[in-house]
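K.L.:
sequence first, predicted coordinates after that:
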Amino acid sequence: MSAPIYLDHNASTPIDSDVLETVIRVSRDSYANMLLRTLPPKQRGHYSERFKKFIAGWHKRGYTVIPDFAPPQLEAKQWAPSWRRMAKVLLRNDYWCKGLGQTQPKSAAWVKYKKMKADEKASERDEKALQLSMEVL
């Protein structure tokens, strides 16, 4: 049997185990939100949007509630959602939320570069097709 846990510093009021579990559960659920509230508004908005996408993605996969914890093996492989993963992202200052399986958005320059490369490949294919058609004639 374990010793009782007390609520106050004088150790005069023991906490009922049901109450303790409720306090611990509320603390787990709200830890990521508490961390979010400590951030500047711009960062808070950024992380909030990322978390909304994360939660919406897992809702689409059938999770109606995001659990506080998932088995560490599943969290490491990013196969299960958890509030702990979201808190870790905040504690590690993971701006692009790579710990949640998200990526940094591509810049406009990168998109333009990829389009130029695709256009070059298309023009090369067209030239080869034209050369083949000229050889046949």
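P.N.:
Structure's in. What do you need? None of these values were measured; they are calculated from a predicted model. Residues are numbered from 1 along each chain as shown.
K.L.:
the protein: helices as residue ranges?
P.N.:
Shown for the chain, the helices assigned by DSSP state H span residues 17-37, 41-60, 72-76, 83-91, 108-136.
K.L.:
save these as JSON lines, and put in distance to Leu100 too.
P.N.:
For the C-beta atoms, the positions are set from N, CA and C on the backbone; glycine is no exception. Putting those into JSON lines (distance: least, CB to CB, whole Å) gives the following:
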{"stretch": "helix 17-37", "distance to Leu100": "11"}
{"stretch": "helix 41-60", "distance to Leu100": "5"}
{"stretch": "helix 72-76", "distance to Leu100": "10"}
{"stretch": "helix 83-91", "distance to Leu100": "6"}
{"stretch": "helix 108-136", "distance to Leu100": "22"}
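K.L.:
out of those helices, which is closest to Gln102?
P.N.:
Nearest to Gln102 among these is helix 41-60 (6.1 Å), distances taken as CB to CB.
K.L.:
buried sites along that closest one?
P.N.:
For helix 41-60, a neighbour-count test (16 or more other CB atoms under 10 Å) marks Tyr47, Arg50, Phe51, Phe54, Ile55, Trp58 as buried.
K.L.:
what about it, distance to the chain center?
P.N.:
A distance of 7 Å separates the C-alpha centroid of helix 41-60 from that of its chain, computed with CA atoms, centre = their mean, to the nearest Å.
K.L.:
just the helices of the chain: most buried one?
P.N.:
Most buried of the helices of the chain, by mean neighbour count (mean count of other CB atoms under 10 Å): helix 83-91, with a mean of 19.
K.L.:
please work out which residues outside it touch it.
P.N.:
With CB atoms under 8 Å, 6 or more residues apart in numbering as the contact definition, helix 83-91 has outside contacts at 28-29, 31-32, 35-36, 39, 47, 50-51, 54, 66-70, 75, 78, 94, 97, 99-100.
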